[in-house]
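K.L.:
Next one to model:
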Amino acid sequence: MKGNNKSPEVAVDKVVRSVCEICPMHCGILVYVKSGRIVSIQGDKEHPSTRGYTCIKGRKEHEVLYHPGRVTHPMVRGKEGWNRLSWDDALENIADRLQEVKVKYGPSAICGYECLPGEPGGLAMTLFLRSLDSPNLMNNLDLCAGPGVIADAVTIGASICTYFSVADWKNSKCILLVGTNIAVSAPSQWRDATEAIANGAKLIVADPRRTECAEKADIWLQIRPGSDGALALGMLNVIVNEKLYDEQFVAEWCVGFEQLKQRVQEYSVEKVEAITWVPAEDIRKAAQLFAETKPACLRANIGALQHNNSFQAGRAFAILASITGNIDVSGGCLLVRRRLGGITPGRAIAEKYRLPRHIEEKQLGAKQFPLWAGPDSVMQGAAHIPTVLRAIITSDPYPVKAMFNVGRNPVLTFPDTRNVLEALKSLELLVVCTYTMSPTVELADVVLPRAHPFEINRLITNGYGQWLSAVERAVEPPEECWDDVKTLFELTKKMKQKGYIDEGFVPWRDVQECIDDMLKDTGTTFEGLGKEGVVTVPLMYRKYEESGFRTPSGKVELYSSLLGRYGYDPLPFYQEPPNSEISAPRLADKYPLMLITSRQLAHNLSRFPENPWVRNLTPYPQLEIHPEAARERGIAEGDLVWIETPKGRCKHKAKVTERIHPKVVNGSFGWWFPEKPSPEHGCLEANINAVMSYEPPYDPVVGINSVQGVLCEVCRAEE
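P.N.:
Numbers count the residues shown, from 1 in each chain. Alright, predicted model coming up:
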């Protein structure tokens, strides 16, 4: 697999070695600059991890800098549209309105929304909220790999199975992929995996679609959506009963094996076949191949983690990697370093500014999901988003009236779009920092211009613990586009000057000062690190032999003492989703198909529909449907179709393909149309999230509901 690595034909003034941050793969790139403008982006062949690969999104990312609709100055909503503000006036406006909310409803009525709290922008948001005495920091990890991250942490003390973890693809002899198509979501890693396959490695793929990965599989398990946890338990049944586990590792480094052995007796391959649609013999063969082929690694990602049984499914896969002896070995699932190169992690800095426990206990979701939200959260406290939305609309358990949103687009990315629209419209203050307008931004009261990563210095600490890089800005930002840290520092300073807060915890004037703080214990500077280029860190194996695992027992907890302490089942189990053909057969009579979602290579969450190149590639969202299901419904290739669930219906265009199970259809989320009327821009028409629920029942540990494998029906729509 190769990206387009041709140098631009025009002469350039400089080439900046950089890193793409569109997704967590962090591909190394070369940014070509002429006359102060980026003219081309290509893959960096010398990058030690991605070795020249970058996808079309990465090669087109610079176009957002020069989009005609780029927001380049602060704006406030007026009676007849947007009014331009100076930065000082914008900060004054926001500070006064936040204070009004704080006085009237209390500080917990203010929430902030960022993506990753460990990055400089997310760290600054965390500290800004804590300056206000608000515990309500939001991120979207519940709809991402969050359930698996929590499951890994409870079991092993580190990320081990999701895309936040390290799979040593190139050195593996057997690769198991569940709920992920890394050929699209992590192409550079797929290249490493295909190199291993070319050298004889075996591949097992569990997916209802015959994806690019499934095409190369030695064993393809065409699984029923939502039943991934049952598959893992069925494989564990085989491995335990046939004594295919690593006896030495289990004896020395695992606790609870005897309890696990009893639990998996409930999941014979025959029983699991009835749950998963996967033939019993194929389950047995997959288990034997994974256990007997050393070393092996696995990834159980978003497709397996967006159900109300996601946490225990994640636990089961973490245990599968553990008892087969594939933790932190060459070719296996590697433990990530927490202090890469001596850098102080953002989470460690945030830990110094914790709020009093009685305030953290008020974080929305903490009472119901204490391992997700609140003072005992494994992830350092992320509010439960459906609980936040409910609080905005109903004031239950208390009012939420203001949101400060940095670069997120909840109208497009959260399920139940109508409910999200109602919530955002109910706020007394919505502030959004953004590059361009979107359905979420158009609901804002104040819009702030945001500097792009290509316009700021960055410290990229690769999440897999293998390399780090000081990346200099490629071009200067527009004069009034600020980096996220500067925005939150200046707002904190303004509120302190006005006497609205006693102490501001955001200590850095801009992102550069934040980076310098993270580097203070390394013995180097940003400039010094930059001269070294990409700094690789040699792989170290079996790191747990020095300090154990970061769990209460110091071992892999097959039987989790932490879960038992909070009243959860300490052992993994499978729970059937409540609205499935098994648990709700009458509902399945009306909605006989199962709806899953995925993203196309050119589409990233809700980003890019405003760029012409995306619409040229995919003018309208597509629904993959099997020829048998299409024929029964009179649907032909390219037909406009309605997708209907109990929550409503939306439109896609039919893509008739044999590469999907006859009972499953695959849609695309995040769609909107800039040319259609604001503020919705057609998202209620075409975004698959418009027909998804964000309501209970939730996973009891992490609070996610089922947004994959949703019962639906499909029919032709009028043009």
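
K.L.:
residues in contact with residue 239?
P.N.:
Neighbour list for residue 239: 245, 287, 290-291, 320, 323-324 [criterion: Cβ atoms under 8 Å, 6 or more residues apart in numbering]. To be clear about C-beta, it is placed using only N, CA and C from the backbone, and glycine gets the same treatment.

K.L.:
can you give me the mean pLDDT across whichever strand or helix holds residue 230?
P.N.:
Per DSSP states H and E, residue 230 falls inside helix 228-241. Mean pLDDT, helix 228-241: 98.

K.L.:
roughly how far out does it sit from the chain middle?
P.N.:
For helix 228-241, the separation from the chain centroid amounts to 26 Å (computed by Cα atoms, centre = their mean, to the nearest Å).

K.L.:
ok so, going back, which of the contacts of residue 239 sits closest to residue 183?
P.N.:
The shortest approach to residue 183 among the contacts of residue 239 belongs to residue 290, at 20.1 Å (Cβ to Cβ).

K.L.:
Pull the contacting residues for that closest one.
P.N.:
Taking Cβ under 8 Å, 6+ apart, one finds 174, 176, 204, 235, 239, 296, 298, 320, 324 in contact with residue 290.

K.L.:
How many residues are close by the last one?
P.N.:
Translated: residue 324. 28 (other Cβ atoms under 10 Å).

K.L.:
before we move on, what about the third one?
P.N.:
Other residues near residue 204 number 26, with proximity taken as other Cβ under 10 Å.

K.L.:
is it true that it touches residue 173?
P.N.:
No: using Cβ atoms under 8 Å as the test, residue 204 is too far from residue 173 to be in contact (12.0 Å).

K.L.:
hmm, back to that, ok, the contacts of residue 290 vs residue 54, which is closest?
P.N.:
Distances from residue 54 to those, taken by Cβ to Cβ, are shortest for residue 298, at 25.8 Å.

K.L.:
Skip the chain neighbours and tell me the closest residue to that closest one.
P.N.:
Leaving aside its chain neighbours, residue 298 sits nearest to residue 176 (3.9 Å; criterion: Cβ to Cβ, 6 or more residues apart in numbering).

K.L.:
If we only consider the contacts of residue 290, which is nearest to residue 489?
P.N.:
residue 298 (41.9 Å).

K.L.:
Go ahead and confirm that closest one touches residue 179.
P.N.:
No: applying Cβ under 8 Å as the test, residue 298 and residue 179 come out as separate, 10.8 Å apart.

K.L.:
which stretches of the stretch 601-719 of the chain form strands?
P.N.:
Applying DSSP state E, counting those that start in this stretch to the stretch 601-719 of the chain gives strands spanning 622-625, 640-645, 648-656, 664-668, 710-716.

K.L.:
same question, the stretch 151-300 of the chain
P.N.:
Going by DSSP E, counting those that start in this stretch, the stretch 151-300 of the chain shows strands at 166-167, 174-178, 202-206, 219-221, 254-255, 296-300.

K.L.:
do the stretch 401-550 of the chain as well
P.N.:
So, for the stretch 401-550 of the chain - with DSSP E, counting those that start in this stretch - the strands run 402-406, 429-434, 446-449, 458-461, 467-471, 535-536.

K.L.:
Dump these into CSV; add mean pLDDT, mean neighbour count and distance to residue 488 as well.
P.N.:
Listed next are the strands of the stretch 401-550 of the chain as CSV, based on pLDDT from 0 to 100; neighbours: other Cβ atoms under 10 Å; distance: least, Cβ to Cβ, whole Å:
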stretch, mean pLDDT, mean neighbour count, distance to residue 488
strand 402-406, 97, 25, 8
strand 429-434, 98, 24, 9
strand 446-449, 98, 23, 10
strand 458-461, 86, 20, 17
strand 467-471, 87, 22, 21
strand 535-536, 80, 14, 29
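
K.L.:
nearest to residue 281, of those?
P.N.:
strand 467-471 (42.4 Å).

K.L.:
Given that closest one, what are its sheet partners and their directions?
P.N.:
strand 458-461 (antiparallel), strand 535-536 (antiparallel) (DSSP bridges).

K.L.:
what's the closest of those to residue 72?
P.N.:
It's strand 458-461; of the strands paired with strand 467-471, that one is closest to residue 72 (Cβ to Cβ) at 20.9 Å.

K.L.:
what about the closest one, distance to the chain center?
P.N.:
The chain centroid and the centroid of strand 458-461 are separated by 19 Å, computed with Cα atoms, centre = their mean.
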